[in-house]
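# Starting from these lines, generate the structure:
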Amino acid sequence: MAAPILSYESLGLVQGSGWLFRGLDIYIGARDRLALIGRNGAGKTTLLKLLAGRIEPDEGKRTIVPGTHVVLLEQEPDFSGYATLMDYAVGGTNPPESHEVAAIADQLGIDMNREAASASGGERRRAAIARALAQNPDVLLLDEPTNHLDLAAIDWLEGWLARFTGAFVAISHDRTFLTRLTRQTLWLDRGSIRRKEIGFGGFDAWTEAVYAEEARAAEKLDAKLKLEAHWLQRGVTARRRRNQGRLEKLVEMRAQRAAMIGGPGVAKLGLANDDVRSKSVIVADHISKRFGDRTIIRDFDFRIQRGDRIGIVGANGAGKSTLLKLLTGEIEPDEGKVTLAPTLDGIVIDQQRSLLSPEKRVRDILADGGDWVEVRGVKKHIQGYLKDFLFDPGVVEANVSALSGGERSRLLLAREFARESNLLVLDEPTNDLDLETLDLLQEVIADYDGTVLLVSHDRDFLDRTVTVTLGLDGSGKVDVVAGGYADWEAKRSKPAAARAKGESTAATPPPPPQQRRKLSYKDQRDYDLLPGRIEAIDAEMAGIETELSDGSLFTRDHTRFTALTEKLETLRQEKAAAEDRWLALAEEVEALG
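Reported below is the predicted structural model:
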């Protein structure tokens, strides 16, 4: 193993009346790609600042190879005192050259002469990225780098980091970003840290193995109660089983929706069908919307049914918010008509944490100072309801001002989800949420009885949540695709691939109906046997993860460690292929009726 270029030995930091963490040993190699994972409040952002040398620890020794340049991209950089975004980008203690900033900013599509005070969150994020990358770091510390970025900017950043020759540590709620880029994981958990030579793609299996071993140890020591609260909050294995059921339900819903969607960009439902009419909650009838000379939405025709989970995607400025406002009746179209069901009762969650009064207690926010919360017509004790949203029940008396940004987001979700409604509108709901809270939000949406409209740049979240994706390319056209972000991206890539081959991209007539009314023998066999094979792979991976969790294995038996790591990666790829194959067959089974 190569010597680290940045490390901490026995790192400890006091926060409030106790230790936030203590005795942490951390090292970063010259080409490491590290995911830093931990719940909100675990100290991830603080740890990045310690690694960057921004704050001093109460214990521990920081060692850095001379000449190593460490750059921190903060989650919420301070733009105060800077007139323009460029002034901010070339400011600070190690200012980059303005021409290097300008070159990166141009690729990110940001005008650096924009006034800092009036810049949007996305513009500020791009300026901060340009400033960080232009400093030519050896170690890049990234705190939620994709927040406020649109999909095009995220793709660009992923490409830059894939080519980056230094090391980086990333905190992110964006699973796709972490899975694509990371090769090692730091897990900050209950005041201690674990490191594993696997990327984020193997994190769930690793944590399951760790928790299973803890449970076995707790039973042996008759100390199971010490872990009870943690297991209630986490519930890894049970949650995975529930999510498998939800995934199957989502596939079924997507298959049903695909049968209703006709040619490219147009949803064709049998308008004379009384059942379809009775299920429609929002009807967009050939709507168009312009601002000045620019057409934002052009001739969009679509019916949203009860229970639909609609994802809206596109670059910043493509018209996502406009389409959302049209569909919810907040603004009127210039042409066409939007009809809302008279019984529609919606709630909007847009991460406006500022609406939570900082001086109020959690009890005041959820229960008007009482002990009981009215959750969609059913009374629940406030402490039990807090557990549902991954809070320690003791937080009930805490002021909002004492909560982290992620905890405030979770509190806002808890308050809004308690209300009775049949339409849920979420505008970029994933910012500042940790991965466990994202899992929770996915569960809540999956179990929600009403209709969901969701604007998000989080690709994995969309793939796990929505049944239909409305994709905007900025020209006014709205593509309607059954499925999530990956399905929309696949559809977009087909014309581009055809153009690259010199093929025509003109619309082709639909193929004749399939005559086959059942799966082939091989397909049916795969459909029946793959679930068992996936379970067997899970079990084998869990066994390997348990063995790899022995921190001494690397030095004690390096050959064994390497063989297990390679085997784990092979199994991971096999499992992904098996899941993709089974889901494709499941959709075919649905289509065949």
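# so how far is Gly405 from Leu366?
Here Leu366 is placed at a distance of 18 Å from Gly405 (C-beta to C-beta, to the nearest Å). (Glycine included, C-beta is placed from N, CA and C.)
# Between these two, tell me which one has more neighbours.
Neighbours per residue (other C-beta atoms under 10 Å) separate Leu366 from Gly405, with Leu366 holding more: 24 against 17.
# Quickly find the element holding the more buried one.
Here Leu366 is covered by helix 362-367, with elements defined by DSSP states H and E.
# now Pro137
Going by DSSP H and E, Pro137 is not in any helix or strand.
# ends of stretch 104-112, how far apart?
Using C-alpha to C-alpha, to the nearest Å, the end-to-end distance of stretch 104-112 comes out at 10 Å.
# Repeat that for stretch 107-121.
Terminal residues of stretch 107-121 are spaced 18 Å apart (C-alpha to C-alpha).
# can you give me the mean pLDDT across it?
The pLDDT scores in stretch 107-121 average 91.
# Determine how far that stretch lies from the middle of the whole chain.
Centroid separation for stretch 107-121 versus its chain: 25 Å, with C-alpha atoms, centre = their mean, to the nearest Å.
# do the same with stretch 140-160
Remark: stretch 140-160 is offset 13 Å from the chain centroid, using C-alpha atoms, centre = their mean.
# where does this structure have low pLDDT?
For the chain, the stretches flagged by pLDDT under 70 are 1-2, 217-247, 260-278, 350-355, 432, 494-517, 549, 551, 587, 589-593.
# quick one on the thing from earlier: elements contacting the helix holding Leu366?
helix 382-388, helix 405-417 (3 or more C-beta pairs under 8 Å, 6 or more residues apart in numbering; DSSP states H and E).
# repeat that for 10 Å
strand 372-375, strand 378-381, helix 382-388, helix 405-417 (3 or more C-beta pairs under 10 Å, 6 or more residues apart in numbering; DSSP states H and E).
# Tell me which of these sits most buried.
Among the helices and strands packed on helix 362-367, helix 405-417 has the highest mean neighbour count (mean count of other C-beta atoms under 10 Å), at a mean of 21.
# With distance to Gly23 added, can I get the helices and strands packed on helix 362-367 in TSV?
Shown next, in TSV, are the helices and strands packed on helix 362-367 (distance: least, C-beta to C-beta, whole Å):
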stretch	distance to Gly23
strand 372-375	39
strand 378-381	37
helix 382-388	29
helix 405-417	25
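# wait, which of these is closest to His69?
Taking C-beta to C-beta, helix 405-417 is the member of the helices and strands packed on helix 362-367 nearest to His69, at 28.4 Å.
# Extract the C-alpha set from that closest one and format it as PDB.
Only the C-alpha atoms of helix 405-417 are listed here, as PDB (Å, rounded to 0.1, in the frame of the first residue of the first chain):
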ATOM      1  CA  GLY A 405     -29.800  21.500   8.000                       C
ATOM      2  CA  GLY A 406     -30.600  17.900   7.200                       C
ATOM      3  CA  GLU A 407     -32.600  17.500  10.400                       C
ATOM      4  CA  ARG A 408     -34.600  20.600   9.700                       C
ATOM      5  CA  SER A 409     -35.400  19.100   6.300                       C
ATOM      6  CA  ARG A 410     -36.500  15.900   7.900                       C
ATOM      7  CA  LEU A 411     -38.700  17.800  10.400                       C
ATOM      8  CA  LEU A 412     -40.300  19.700   7.500                       C
ATOM      9  CA  LEU A 413     -41.100  16.400   5.800                       C
ATOM     10  CA  ALA A 414     -42.600  15.000   9.000                       C
ATOM     11  CA  ARG A 415     -44.800  18.000   9.500                       C
ATOM     12  CA  GLU A 416     -46.100  18.000   5.900                       C
ATOM     13  CA  PHE A 417     -46.600  14.300   5.600                       C
END
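# gap between it and the chain center?
For helix 405-417, the gap between its own C-alpha mean and the chain's C-alpha mean amounts to 16 Å (C-alpha atoms, centre = their mean).
# buried stuff in stretch 204-211?
Neighbour-count burial for stretch 204-211, counted by 16 or more other C-beta atoms under 10 Å, picks out Asp204, Ala205, Trp206, Thr207, Glu208, Ala209, Val210, Tyr211.
# TSV for these, including secondary structure and distance to Ala162?
Below are the buried residues of stretch 204-211 laid out as TSV (DSSP: H, G, I helix; E, B strand; the rest coil; distance: C-beta to C-beta, whole Å):
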residue	secondary structure	distance to Ala162
Asp204	helix	23
Ala205	helix	24
Trp206	helix	23
Thr207	helix	26
Glu208	helix	28
Ala209	helix	29
Val210	helix	29
Tyr211	helix	32
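# Considering those residues, which is situated nearest to Thr430?
Among the buried residues of stretch 204-211, and counting by C-beta to C-beta, the member closest to Thr430 is Asp204, at 17.8 Å.
# Isn't that closest one up against Lys575?
No. Using C-beta atoms under 10 Å, Asp204 is not in contact with Lys575, being 11.4 Å away.
# list the residues that contact both of these two?
Taking C-beta atoms under 10 Å, 6 or more residues apart in numbering as the contact rule, the neighbours common to Asp204 and Lys575 are Met541.
# Now for the residue lying closest to Val466 once chain neighbours are set aside, how many residues are close by?
Closest residue to Val466 apart from its sequence neighbours, by C-beta to C-beta, 6 or more residues apart in numbering: Gly311 at 3.6 Å. For Gly311, the number of neighbouring residues by other C-beta under 10 Å comes to 27.
# State the three-state secondary structure for Gly311.
When classified by DSSP: H, G, I helix; E, B strand; the rest coil, Gly311 comes out as strand.
# What's the separation between it and Val251?
15 Å.
# now Ala116
Taking C-beta to C-beta as the measure, Ala116 falls 46 Å from Val251.
# Show the backbone phi and psi for the residue nearest to the spatial centre of the chain.
The chain has Asp174 as the residue nearest its centroid, 3.8 Å off, counting by C-alpha atoms, centre = their mean. Torsion angles at Asp174 (phi, psi; degrees, to the nearest 10) stand at phi -90, psi 100.
# which non-adjacent residue is nearest it?
Asp174's closest residue in space is Thr146 (C-beta to C-beta, 6+ apart), at 4.7 Å.
# distance of the one you found from Ile312?
Applying C-beta to C-beta, the value for Thr146 to Ile312 is 18 Å.
# How about Arg126?
22 Å.
# What is the end-to-end distance of stretch 51-71?
End-to-end distance for stretch 51-71: 10 Å, by C-alpha to C-alpha.
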